[in-house]
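Enquirer: here is the input, now give the coordinates:
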Amino acid sequence: MNVEGRTLSISNLGKVLYPDTGFTKGEVIDYYARVAETMVPHLSGRPLTLRRFPNGVAEKSFFEKRCPSHRPDWVETASVETSEGPIDFCLCQDRATLVWVAQLAALELHPSLSIAKRIDHPTVVAFDLDPGPPADVVDCCRVALRLRELFANFGLECFAKTSGSKGLQVYVPLNGKARYEQTKPFAHAVAKLLEKQSPDEVVSKMKKELRKGKVFVDWSQNDRAKTTVSVYSLRAREQPTASTPLLWAEVEAAGESGTAEDLRFEAGAVLERISEHGDLFAPVLELEQDLPDL
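Expert: Residues are numbered from 1 along each chain as shown. Here you go, the predicted model:
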């Protein structure tokens, strides 16, 4: 297979990676090839952790931080100092690299919140809204709208996307000089504020036994050592759902209707949404904002 002048050895295209739907490795590669123009800017320059499912989503997976040694010589890497010592992470700079990681059955792509060259400076503050059953993504929508209102009071914009799994994520673009030493405690303070205001609906503590029927506002992702699933990444669910950027009108509608299914998008629907709306997450890459004082 030739991608942007680079030759890739593609095998096992018929291998089923999502057994419940028959979605194959070839279809995964096709999705990533088609979404690449929109997705690569959100990955470019960022240390990338791959979550690989060589035998499909029903079988064991593994996270891979260190870029595979058998990578093509045109796959770029970045050395990042970690608690495990220096690690050469993959950098996904182009469509060919994205197709290559798809060939590895790396269904889920988890980039850093910062670019490798400025690893101590996150480009966003991220809030991962995780519902504890029987709460669901609809409850997450209501919390997301409260976050939007809170940041609007500070004159800040934020953007929502589905996690592709069961929750929502809200990103506040920064693209400035902020460091994790600032963004992590800030996110924690916001989570505690929401919990204080609505203790029956929101929890800021990580203990799973506290989450039943509530939305856990996960602030801990704002850490140099953590990653968050990329926008447009597939997820390892029963169907090939993807993390999908949303219009705030869609978040409002779901919060009012109580229909969780409205915020579940599979690969084909994501491509259709890009054709209709373009990249709804594009401002996250460019909008420069400062952290407010709480």
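Enquirer: helix, strand, or coil at residue 191?
Expert: helix (DSSP: H, G, I helix; E, B strand; the rest coil).
Enquirer: I'd say it and residue 214 touch.
Expert: No. The criterion here is C-beta atoms under 8 Å, and residue 191 misses it with residue 214 at 11.8 Å. Every residue, glycine included, has its C-beta placed from N, CA and C.
Enquirer: what is in contact with these two at once?
Expert: residue 202 (C-beta atoms under 8 Å, 6 or more residues apart in numbering).
Enquirer: tell me which stretches of the stretch 51-200 of the chain form helices.
Expert: Using DSSP state H, counting those that start in this stretch, the helices of the stretch 51-200 of the chain run over 95-103, 137-153, 180-197.
Enquirer: of those helices, which is nearest residue 6?
Expert: helix 95-103 (4.4 Å; C-beta to C-beta).
Enquirer: need the helices of the stretch 51-200 of the chain in CSV (columns: distance to residue 29 and mean neighbour count).
Expert: Shown next, in CSV, are these (distance: least, C-beta to C-beta, whole Å; neighbours: other C-beta atoms under 10 Å):
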stretch, distance to residue 29, mean neighbour count
helix 95-103, 5, 23
helix 137-153, 28, 20
helix 180-197, 34, 17
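Enquirer: how about those helices, which one is nearest residue 257?
Expert: helix 137-153 (8.0 Å).
Enquirer: who are the neighbours of that closest one, in terms of helices and strands?
Expert: strand 124-131, strand 159-162, strand 168-173, helix 180-197, strand 215-218, helix 248-257 (3 or more C-beta pairs under 8 Å, 6 or more residues apart in numbering; DSSP states H and E).
Enquirer: ok so, going back, which one of the helices of the stretch 51-200 of the chain lies closest to residue 56?
Expert: helix 95-103 (13.9 Å).
Enquirer: contact partners of that closest one?
Expert: 1, 3-4, 6, 8-11, 25, 28-29, 31-33, 36-37, 39-40, 43, 48, 50, 71-72, 74-76, 90-92, 109.
Enquirer: go again with 7 Å.
Expert: 3-4, 6, 8, 10, 28-29, 32-33, 36, 39-40, 50, 72, 75, 90, 92, 109 (C-beta atoms under 7 Å, 6 or more residues apart in numbering).
Enquirer: any idea how far that helix is from the middle of the chain?
Expert: Distance of helix 95-103 from the chain centroid (C-alpha atoms, centre = their mean, to the nearest Å) equals 17 Å.
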